[in-house]
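**Student:** Any chance you can model this:
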Amino acid sequence: MALWRAYQRALTAHPWKVQVLTAGSLMGLGDVISQQLVERRGLQAHKTGRTLTMVSLGCGFVGPVVGGWYKVLDRLIPGTTKVDALKKMLLDQGGFAPCFLGCFLSLVGTLNGLSAQDNWAKLQQDYPDALITNYYVGCRPVCCCYLELVPVLEGTSALSLPHSIISSLQ
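**Tutor:** As a prediction, the model looks like this:
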């Protein structure tokens, strides 16, 4: 808990810096998890450059863009009620997510050295599935957590929270 409180204090004191560093750290950690646990590369075959690219994307693109968007979203729809949460989710997923996802996938393709033509072809191939997946993993938990499950989850420990959410979605 002390680490979480320190993080919250840092976030309050330096929101932009902390959001950018958090995004970069989470994207780097996500790539390490992907390479080690999903792809089972092992430490010898770990692609450090790929991890650093993901950290750079998090710090240089995802953190600033998403952090800026959430500031705009909070100005557009002030409030913390369930209806406000639903409005924010609908605007986020209906307006921002499709644009952001297209930019993100294009940027990843460019950083991976794809030509403009190859990048466009890959975007056309990957975008629909990525957007549908985003809606599935982005909207459903938000709806459930903020609109239905919040009273049920009160008092749940942080460690069992992901399991509680997953169990309730099945």
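**Student:** drop to CA atoms for contacts and neighbour counts, all remaining ones
**Tutor:** Will do.
**Student:** tell me which element residue 134 falls in.
**Tutor:** helix 116-142 (DSSP states H and E).
**Student:** ranges for the helices of the protein?
**Tutor:** Counting by DSSP state H, the chain has helices at residues 2-13, 15-33, 48-57, 63-76, 82-91, 97-111, 116-142, 150-153, 161-169.
**Student:** Report the distance from the helix holding residue 134 to the chain centre.
**Tutor:** Relative to its chain's centre, helix 116-142 lies at 13 Å (C-alpha atoms, centre = their mean, to the nearest Å).
**Student:** about what we covered before: now tabulate the helices of the chain in a markdown table and tack on mean neighbour count.
**Tutor:** Formatted as a markdown table, the helices of the chain follow (neighbours: other C-alpha atoms under 10 Å):
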| stretch | mean neighbour count |
| --- | --- |
| helix 2-13 | 11 |
| helix 15-33 | 19 |
| helix 48-57 | 18 |
| helix 63-76 | 15 |
| helix 82-91 | 16 |
| helix 97-111 | 16 |
| helix 116-142 | 14 |
| helix 150-153 | 12 |
| helix 161-169 | 12 |
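**Student:** Please name the nearest non-neighbouring residue to residue 60.
**Tutor:** Among residues not flanking residue 60 along the chain, residue 20 sits closest, at 7.5 Å (C-alpha to C-alpha, 6 or more residues apart in numbering).
**Student:** Could you check how far residue 101 is from residue 135?
**Tutor:** 11 Å (C-alpha to C-alpha, to the nearest Å).
**Student:** now do residue 115
**Tutor:** Taking C-alpha to C-alpha, one finds residue 115 at 28 Å from residue 135.
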